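# give me coordinates for this.
(chains A and B)
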2 protein chains.
Amino acid sequence: MIKKMLHINGMSKTVIAEPDTLLSDVVREQLKLTGTKVGCGQGQCGCCSVILDGKVVRSCITKMKRVEDGARVTTIEGIGTPDNLHALQMAWTVHGGAQCGFCTPGFIVSAKALLDQNNKPSRQQVRDWFQKHRNACRCTGYKPLVNAVMDAARVVRGEITLKDLAFKLPEDGRIWGTAYPRPTAVAKVTGTTDYGADLGLKMPAGTLRLALVQAKVSHARILSIDTTQAAKMPGVAKVITHKDIKGKNRITGLITFATNKGDGWDRPILCDDKVFQFGDAIAIVAADTEENARAAAEKVVVKIEELPAYMSAPAAMAEDAMEIHPGTPNIYYEQKIAKGGESQPLMKSAAHVVENEYYLQRQPHLTMEPDVGLAYFDEEGRLSIHSKSIGIYLHHAMICPGLGIEPEKLRIVQNPAGGTFGYKFSPTMEALLGVAAIATGKPVTLKYDYFQHITYTGKRSPFFIKLKYGADKDGKILAMESDWIVDHGPYSEFGDLLTVRGAQFIGAGYGIPSIRGRGQTVCTNHAWGSAFRAYGSPQSFLASESLIDDLAEKMGMDPLELRYKNVYRPGATTPTGQTPEVYSFPEMFDKLRPLYQAALKKAKAESTPEKKKGVGISLGIYGCGLDGPDGSEISVELTPDGVVLAGSWEDHGQGADIGALGTCHEALRPLKLSPEKIRLLMNDTAMAPNSGPSGGSRQQVMTGNAIKNGCEMLLNAMRKKDGAYRTYEEMKAENIPIKYSGKWTASMCTPCDANAQGSPFPVYMYGVFMAEVTVDAQSGKTQVDKYTVMADVGKINNKLAVDGQIYGGVAQGIGLALSEDFEDIKKHTNLASCGLPYVNDIPDAFEIHYFENPREHGPFGAAGVGELPLTSSHVAVVNAIKNATGVRITHLPALPEKVLAGLKASPKKSK
Amino acid sequence: MIKKMLHINGMSKTVIAEPDTLLSDVVREQLKLTGTKVGCGQGQCGCCSVILDGKVVRSCITKMKRVEDGARVTTIEGIGTPDNLHALQMAWTVHGGAQCGFCTPGFIVSAKALLDQNNKPSRQQVRDWFQKHRNACRCTGYKPLVNAVMDAARVVRGEITLKDLAFKLPEDGRIWGTAYPRPTAVAKVTGTTDYGADLGLKMPAGTLRLALVQAKVSHARILSIDTTQAAKMPGVAKVITHKDIKGKNRITGLITFATNKGDGWDRPILCDDKVFQFGDAIAIVAADTEENARAAAEKVVVKIEELPAYMSAPAAMAEDAMEIHPGTPNIYYEQKIAKGGESQPLMKSAAHVVENEYYLQRQPHLTMEPDVGLAYFDEEGRLSIHSKSIGIYLHHAMICPGLGIEPEKLRIVQNPAGGTFGYKFSPTMEALLGVAAIATGKPVTLKYDYFQHITYTGKRSPFFIKLKYGADKDGKILAMESDWIVDHGPYSEFGDLLTVRGAQFIGAGYGIPSIRGRGQTVCTNHAWGSAFRAYGSPQSFLASESLIDDLAEKMGMDPLELRYKNVYRPGATTPTGQTPEVYSFPEMFDKLRPLYQAALKKAKAESTPEKKKGVGISLGIYGCGLDGPDGSEISVELTPDGVVLAGSWEDHGQGADIGALGTCHEALRPLKLSPEKIRLLMNDTAMAPNSGPSGGSRQQVMTGNAIKNGCEMLLNAMRKKDGAYRTYEEMKAENIPIKYSGKWTASMCTPCDANAQGSPFPVYMYGVFMAEVTVDAQSGKTQVDKYTVMADVGKINNKLAVDGQIYGGVAQGIGLALSEDFEDIKKHTNLASCGLPYVNDIPDAFEIHYFENPREHGPFGAAGVGELPLTSSHVAVVNAIKNATGVRITHLPALPEKVLAGLKASPKKSK
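Numbers count the residues shown, from 1 in each chain, chains lettered A, B, ... in the order given. All right, here's what the predicted structure looks like:
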């Protein structure tokens, strides 16, 4: 042990720690200054940034023996407090700098050190500082953060006051449509939000810490599991295997479609007979400390017979491939699409036919916060599982039979989540936590390190797509033929639904009268397919939005004009035959046209043989909801203090808080409540009704409508004859109920049929994307110089949240286009190797134009937003590379070596 | 487990805890908001106060199941922060409200709730609030706290600003002699000081928690110790008994005098053959949690043969009493005093002779913080023990042989201490911690609950005193005969030295020419005798300052005038034959006389048969230092940032920080350093030289002189020819040493000889005390209405610290006079039953008058201060009771029933 006197946040503190202990562990685990977050644990994300003797350091890679006695350490807790925000913290709230908020303390600490030495930085200096200090953000696309630093610097320089910077409520008190900061912002910018790991550290003494014994191969038969040695290791309370599980030991995939050849009971909680993918959990060690648990897990001996691992769909589809789940074919679901007349005759007669093959990679979510959770039995004996779940009721249903407990004895709670982007639509560790709590009878916590987080959570499923367009001489697309294969990994959950998305979004945006195609869902041994923002559409649009550029090129037509000719207008229908609820594209393209033409002109003027510049566009669409008559439920209750709104609008970081608050506040405007009077309770199956999961941009529409409905009932009950409203006390005095259940169902929707025809969504989001890029001819590296988005997400509830979703979603699109992948399970195991975009990878020149067409079925006219920016923002980049270089990248990501290879293969084609 | 959403310090927090877990444990152990302190754990001290939904609650008796979901909890961390102090926190710093600081968060939190509902309270309303909420303080005597609240309220009302309230550095930058707030104040008022229990909570994972197996009887032979069952209990790492100790298993009492019949090796670390007192440690259980350790400790089976317990000196002195430590007589030390000619002839011829017998009780220290510590092996393999030690080098010597390790392998560190008042002059748990760390090889922590803290730490040793004065017809005391018996409990440490104190202070203040007497130190089975503020003098003055009142009464003379006649004037010597260094008493009494006469007049006027009023006075003296040529050493080192001052001026809470800082700052004034540039390093044997222990008001004189000496050497080295001073860089460039060892020895002193003659102290403190009381004739209860102190502590270093010492010391004197005791080990086990004075027990009318006679041997003229206010402040109260009622209480405390019995016995005598 070493004893050091450190000045922590200005106060002298004696710290006793092992010399090799990390500063982050001392700060978080010993001092419980949990404002400092640990993301990657490898110095690649900056979440753990602290200021050490004036310099920003990543505390997760700083050992205590390197910290000088007497050193000065500043953590987020030392920058400012909720009652006394620092200018940076205030700026972060008013610029929407904190979405999930997990990177926020690290960014603010880092920015503080910058402003301490330079209080008038340029935007680029701010960006270079964050780049240098590896401050990574996965939510915001960085621009709001740079905006925040620039404004905070003005306060530091005394040009404006903190009060000037603060958000001002409009005179009418209305927050709908404003940039009202989200209610969780102050907690996030001050580091006082307890994420799962923080909560784990704050559990009662005696809480057991879990470690997993995991598969080191991708496909195997298990011969034996020997826990003898592990059970004797120091601090071990229990070693748990499948034998300890009383239930079915399976997580059900909740099969959606009857034609699915599997039954959904394919995913073990703890492997019994087989290992299906790398990382599969085989045993759990529960011990007094995480260190002891991990050490003991190493001592569990698992004997296996390794089997052939099918690491992509083609391998698993081969004739001689064995069934990964014996009894279920590896190709376990097929979805046809048949819209309009037969396509074949049209293709034959078409003036222009283009076709190509595409592959969209296994995109990793790369959240800043690794997966984490805890479990315990509550005062009513319910097994209570806290996780990052964005589908608390969904997961309840998926894991309950596997655990073998009665549904009423299971409670799921969502912790504040440091980003999910969809991976938490899957149960990850919920069932493992439940098993361990049942087996030990003790509270338990489980925390993945970043390696585990990447290798043992779901990923975006790759699509292999063949696509063909037939168009008339004017470019009007007459027919489309598609074939898509979905590599869904070993577990079935929603694999069928994902496959349907191909039918819904390949070719979406254009009123193509004839469509024929087929999608297949394939079981493989790579990472299981999980939800990811814009689920199924980035794959779809990679094909249809690349191919339309090729069609334009073939026709010698401008790609914008070709799209303009084909986009939805009255009379057109979607690929599933649905009539669009609004027709936003013509006005978007009209607005984009001059910008696009100027960009093209600029690119042409500035392009050089070394630095090739180009412009690409794409359109994107996504539906708000689960297929068919989706719905939601909330409750709204009048209290002496205001109102409690309860439901399950789970927060990834997207802004469930402000979404729910803004909608509820608008619905209750006659009461003139200040926003603080609305308390949100959105994360606990024991306390809140089922509003469904937070996926598919469904919550603002589904739950938004349910909120509106519930609030209307409450208002009706409160309204007196004279039009005034009863107080809480008056309601009680008159015995009028104070709690109302608000419900809404998209009864106007129908699910897609066997030919993928139907009206699955009540509301859609529409967008057009334009990327301006520079490709370095020497390296093949692409830099996005500027990005422009045209977006129609209906009426905007909260400007900061919507801006933030678009900035952040497009940043993920840029990453998808250029760098992100999880294919090589040996290499793609950290943020950097997985291709996470840092600040200088995302343009600061970034414009969004809104087209607020009100939606009939959206509450107060709103649609959703989250999925839209990742539908096809990557394709604009890919198309821009083509425009710059002549190289058509069909298999993402467009890594420099691929672009370089293209340049070498066809130097003629390159501009 | 229950899950609750609480608004903690304004932020929503999910809390998961057992229903019966205490709110204090959730706040401290789970959330690590360690600003909330736990003192008594029984709701009697208010250290754990938090605001729960607007009301002050004691969190140590508030179970989580009683905390509503959604409740609002405010802890000290939510009141203000170091950068953003609340008015109460600022006021606490400028009024010296935080001495040890352990009660401070609770007081400030409580006061915040008061000001929230009443921002213009009267002083009495403030006092009643603290009384009602059981906010107890053992350091300050409460008046500074009431002052602080009154000033904070002015800020809250907007009458003054926070800046107005803040301390302003004088223009010349000098802090010596000012009310500069102590450097640890901000940490204390914000709850950021880590006391031992806080540090224990912040130890690395894997730290073992200890629990003791303790004796339940006071004297026994141990037959067997069976640890089998305990070792199998959950979480247990090891059960440690005396067999595991490699060293002598004894704490040495460091025998001071050759004539001591013991050898000092009488106190076992862990009992082997015998139990010597209730609570003696027999075994230690080391486990993962304190709860598990305590549960396992219950399972250790100790078989004993109970022996007769000698619970007071007379019992142990009986002819047939067995030797408690076989081989050493129970009366193990004797100290004679013989000054001047024989006393007997003088007594015979004296005009007036008075005599009486007195008993001063086993006063408990009643610190707010229970004893606590931790141990680990440092990076150099040194066993490092952190405790509340106020004698880190002393304890090093006392425990090292018992542990059986090399001295250079032992390191003692003092944690911030929540009050000691002397009990930590004894090793308490240091050796136990060391034994456990050695036996387990792991970091360990040990925390006593308040029962353990009271029953198993040392106490003030009772004296049984017979005293006789002979005076001439004018009242001039000619001779004194004394006999005093010291009940020192079972362990010898400093029992001989304490006995010498009787010789030094019985009759001190008066130049009595002839003294004869004898003191005896007796071993008993009650609590071991430990140091306590004013060590040995409250016992001495109870006799000599009561008896002089009786002499005055007998002579019909005013007690003030009788004292005035006898006090030290040039030519007089102390009982040990030393010439006083200053003669302060005459001017003090001259100053007191009109106040005293007015008080007498007022008492007489206001006294009624039901409420009897009276006035009492006393004088007190104490020496600064250990006997004879005491000395000290520090080091002072120039750094690029300022200066580091290192030594072992340990802090009880008395203000070692400001003592050292003020002296060093004054000594270095030519450098014009701002105070923050002086860093203090006062608590670690591995890093700071031996300045000796913090006892006997020695540090300001001994270490103060050493600081002055070291600083002078540094200044000499830094001084250039032109009188300017070199910078750090210049010193380095010129290769001039930058670190100096400052030393000082009281070479003018001689220890007392066999007749107690000598000049033991270089500097003394002088005081006169006046108490005005009301005795309720119905109940016998005494209330002190007003208190006045005349004090000469030399030149004052820091006004806040000196005021604070006097207020607090007198409050302990009032408690000593009226309520405090630790005699009945079944009953006297908590703060309330031990008679701790609460705010309304201590008068708000409290005046101090200073006489700053500079001391030749004090640095910059300063003496010490800490012991003075408890030398005889209790006797003024006792004399006031006599004055009010005619009842002479000779055996303290003057409980209501004793006074009532006196009233009933001699109703005539009562006024």
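
# what about the helices in the stretch 351-500 of chain A?
A:392-403, A:430-440, A:450-455, A:495-505 (DSSP state H, counting those that start in this stretch).

# pick the most deeply packed of those.
helix A:495-505 (a mean of 27; mean count of other CB atoms under 10 Å in any protein chain shown). Using the backbone N, CA and C atoms, a C-beta is placed for each residue, glycine as well.

# for it, what is the distance to the chain centroid?
18 Å (CA atoms, centre = their mean, to the nearest Å).

# what comes up buried for the helix or strand just after it?
Tracing the chain C-terminally past helix A:495-505 and defining elements by DSSP states H and E, one meets strand A:514-522 next. By neighbour count on 16 or more other CB atoms under 10 Å in any protein chain shown, the buried set for strand A:514-522 is A:514, A:515, A:516, A:517, A:518, A:519, A:520, A:521, A:522.

# tell me which residues touch the last one, please.
Taking CB atoms under 8 Å, 6 or more residues apart in numbering or on different chains as the contact definition, residue A:522 lies against A:313, A:316, A:317, A:330, A:331, A:332, A:485, A:486, A:487, A:488.

# the strand or helix carrying residue A:237 close to chain B?
For residue A:237, the host element (DSSP H and E) is strand A:236-240. No - using CB under 8 Å from any CB of the partner chain, strand A:236-240 never reaches chain B; the gap is at least 8.7 Å.

# what mean pLDDT does that strand have?
Taken as a whole, strand A:236-240 has an average pLDDT of 97.

# which strands and helices lie in contact with it?
With contacts defined as 3 or more CB pairs under 8 Å, 6 or more residues apart in numbering or on different chains; DSSP states H and E, strand A:236-240 has these neighbours: helix A:228-231, strand A:281-287, helix A:290-297, helix A:430-440.

# if you set the cut-off to 6 Å instead, what comes out?
strand A:281-287, helix A:430-440 (3 or more CB pairs under 6 Å, 6 or more residues apart in numbering or on different chains; DSSP states H and E).

# show me what the first one is in contact with.
With CB atoms under 6 Å, 6 or more residues apart in numbering or on different chains as the test, strand A:281-287 has contacts from A:208-214, A:230, A:235-241, A:270-271, A:293, A:296-297, A:300, A:302, A:432, A:436, A:440.

# among the helices and strands packed on strand A:236-240, which comes closest to residue A:690?
Among the helices and strands packed on strand A:236-240, helix A:430-440 comes nearest to residue A:690, with 16.4 Å by CB to CB.

# average pLDDT for the closest one?
Per-residue scores along helix A:430-440 average to 98.

# that one near chain B anywhere?
No - judged by CB under 6 Å from any CB of the partner chain, helix A:430-440 makes no contact with chain B; its nearest approach is 10.0 Å.

# which residues touch that helix?
Residues outside helix A:430-440 that contact it (CB under 6 Å, 6+ apart): A:208, A:210, A:237-238, A:240, A:244-245, A:251, A:269, A:281, A:284, A:286, A:373, A:375, A:383, A:385, A:387, A:395, A:399, A:402-403, A:444, A:446.

# ok, now stretch A:502-515?
By CB under 6 Å, 6+ apart, the list of residues contacting stretch A:502-515 from outside reads A:335, A:337, A:339-341, A:343, A:346, A:477, A:479-480, A:482, A:484, A:519, A:537, A:540, A:543-544, A:566-568, A:572, A:575-576, A:619, A:621, A:756.

# and stretch A:155-171, what's buried?
A:155, A:156, A:162, A:165.

# rewinding a little: looking at the helices and strands packed on strand A:236-240, which is closest to residue B:793?
Residue B:793 lies closest to strand A:281-287 among the helices and strands packed on strand A:236-240, at 57.4 Å (CB to CB).

# strand A:236-240 and that closest one, what's the angle between them?
Angle, strand A:281-287 to strand A:236-240, by axes from the mean of the first three to the mean of the last three CA atoms, to 10 degrees: 160 degrees.

# residues of chain A that sit close to chain B?
By CB under 6 Å from any CB, the residues of chain A that approach chain B are A:1-2, A:10-11, A:17, A:19, A:30-32, A:81-82, A:84, A:187, A:192, A:202, A:204-206, A:288-289, A:376, A:378-379.

# check contacts around the residue of chain A found nearest chain B.
Residue of chain A nearest chain B, by CB to the nearest CB: residue A:32 (3.3 Å). Applying CB under 6 Å, 6+ apart to residue A:32 gives the contacts residue B:32.

# quick check, it in a helix?
No - per DSSP: H, G, I helix; E, B strand; the rest coil, residue A:32 lies outside any helix segment and is coil.

# now do it, the pLDDT please.
For residue A:32, the pLDDT comes out at 94.

# longest helix anywhere in chain A?
helix A:585-606 (DSSP state H).

# show me where chain A dips below the pLDDT cut-off.
Across chain A, residues meeting the criterion (pLDDT under 70) sit at A:907-911.

# how does it look with 80?
Applying pLDDT under 80 to chain A flags the ranges A:255-256, A:906-911.

# now stretch A:570-589: how far from the chain's centre is it?
The chain centroid and the centroid of stretch A:570-589 are separated by 27 Å, computed with CA atoms, centre = their mean.

# now do the helices in the stretch 201-350 of chain A.
Taking DSSP H, counting those that start in this stretch as the test, the helices found in the stretch 201-350 of chain A are A:228-231, A:290-297, A:313-317, A:344-349.

# point to the residue nearest the middle of chain A.
The centroid of chain A falls nearest to residue A:421 when counting by CA atoms, centre = their mean (0.7 Å).

# next, that one: phi, psi?
Note on residue A:421: backbone dihedrals following degrees, to the nearest 10 are phi 60, psi 20.

# what does residue A:530 give?
phi -120, psi 170.

# neighbours of the closest residue in space to residue A:489 that isn't next to it in sequence, how many?
Leaving aside its chain neighbours, residue A:489 sits nearest to residue A:528 (3.7 Å; criterion: CB to CB, 6 or more residues apart in numbering or on different chains). Residue A:528 has 28 neighbours, counted by other CB atoms under 10 Å in any protein chain shown.

# show me the contacts for residue A:528.
Residues near residue A:528 by CB under 6 Å, 6+ apart: A:458, A:489, A:490, A:491.

# closest one of those to residue B:738?
Taking CB to CB as the measure, residue B:738 sits nearest to residue A:458 out of the contacts of residue A:528, at 61.6 Å.

# got the phi/psi numbers for the closest one?
The phi/psi pair for residue A:458 (degrees, to the nearest 10) is phi -70, psi 160.
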